[in-house]
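Trainee: I need the structure of the sequence given here:
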Amino acid sequence: MSDKSRWTLSRALRRENRLMVGKLAVVVLLMFGFGYAMVPLYNAICSALGINVLSLSERQHAVKASDLKNTQIDYSRKITIEFDANARGPWEFKPALNHLEVHPGELATVMYEFRNVQLKVMSAQAIPSYAPKQATAHFNKLECFCFNEYTLQPGETKEWPVVFVIDPKLPKDVKTITLSYTFFEVAGKGQKQAVLMKAEPKL
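Mentor: Okay, here's the model as predicted:
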């Protein structure tokens, strides 16, 4: 191969390398932009799907202990409450009981345990659902962890109570209610919390 051919080939290779570097730089910028937009995108998706709206609805339908003073317990019937837990991510989430029998109007409590098994700080929020659907309006919670977002350190375990009462007006044909919680990670918030903790001056 002549010197001119080698020079032409070397020039072509350098041009191709520059083009490849340029393409890789564009990909890096796009990935960075996508990561930066994840949090507002997540919030927009949650709003569109009604996830945060559901949490607000739960707050609006929460009852206070004072509201139960005149509630009559219906000892003539029992309702089986089944407890379910789902985790959308690498963590552990479970109820202390699989089911519980209660009388309508009777105050009851069940504990849920959540453990962050990741090696990073994470933030998450639980979304409740009920089956059958007609039981939703009659499942009154005085205390519930689904009202808030929680930040957990790596390996940290938390326990939360769900304090509830079934409205005696629950239709007679409903004998079993399933309370199901799904924990979603709140994108970006755990990482922000970790950065803030590292930035705090040590006394």
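Trainee: residues in contact with Phe114?
Mentor: Residues near Phe114 by C-beta atoms under 8 Å, 6 or more residues apart in numbering: 91-93, 124, 150, 152, 157-160, 183. In short, each C-beta sits where N, CA and C put it, glycine included.
Trainee: using PDB, list the CA coordinates for the host helix or strand of it.
Mentor: In this assignment (DSSP states H and E), Phe114 forms part of strand 107-116. The C-alpha trace of strand 107-116 is given here as PDB (Å, rounded to 0.1, in the frame of the first residue of the first chain):
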ATOM      1  CA  LEU A 107     -62.400  -0.800  65.800                       C
ATOM      2  CA  ALA A 108     -59.600  -3.100  64.600                       C
ATOM      3  CA  THR A 109     -55.900  -2.800  63.900                       C
ATOM      4  CA  VAL A 110     -53.400  -4.600  61.700                       C
ATOM      5  CA  MET A 111     -49.700  -4.000  61.400                       C
ATOM      6  CA  TYR A 112     -47.700  -3.900  58.100                       C
ATOM      7  CA  GLU A 113     -43.900  -4.300  57.800                       C
ATOM      8  CA  PHE A 114     -41.800  -2.700  55.200                       C
ATOM      9  CA  ARG A 115     -38.000  -3.400  54.700                       C
ATOM     10  CA  ASN A 116     -35.700  -1.600  52.300                       C
END
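Trainee: buried sites along it?
Mentor: By neighbour count on 16 or more other C-beta atoms under 10 Å, the buried set for strand 107-116 is 110, 112, 114-116.
Trainee: mind listing the strands that strand pairs with, and their directions?
Mentor: On the basis of DSSP bridges, the sheet neighbours of strand 107-116 come out as strand 91-95 (antiparallel), strand 157-166 (antiparallel).
Trainee: quick one: mean pLDDT for it?
Mentor: Averaging pLDDT along strand 107-116 gives 94.
Trainee: next secondary structure element downstream of it?
Mentor: strand 122-131.
Trainee: quick one, which of the contacts of Phe114 are buried?
Mentor: The buried subset of those (16+ other C-beta under 10 Å) comprises 91, 93, 124, 150, 152, 160, 183.
Trainee: I'd like these as a markdown table, with pLDDT and distance to Ile166 appended.
Mentor: Shown next, in a markdown table, are the buried ones among the contacts of Phe114 (pLDDT from 0 to 100; distance: C-beta to C-beta, whole Å):
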| residue | pLDDT | distance to Ile166 |
| --- | --- | --- |
| Trp91 | 82 | 30 |
| Phe93 | 91 | 24 |
| Ala124 | 87 | 27 |
| Tyr150 | 88 | 26 |
| Leu152 | 91 | 31 |
| Trp160 | 92 | 20 |
| Phe183 | 84 | 24 |
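Trainee: quick one, helices of this structure?
Mentor: Along the chain, the stretches classed as helices by DSSP state H are 3-49, 51-60, 189-199.
Trainee: least confident of these, on average?
Mentor: When I compare the helices of the chain, helix 189-199 is least confident, with a mean of 43.
Trainee: perfect, I'm done here.
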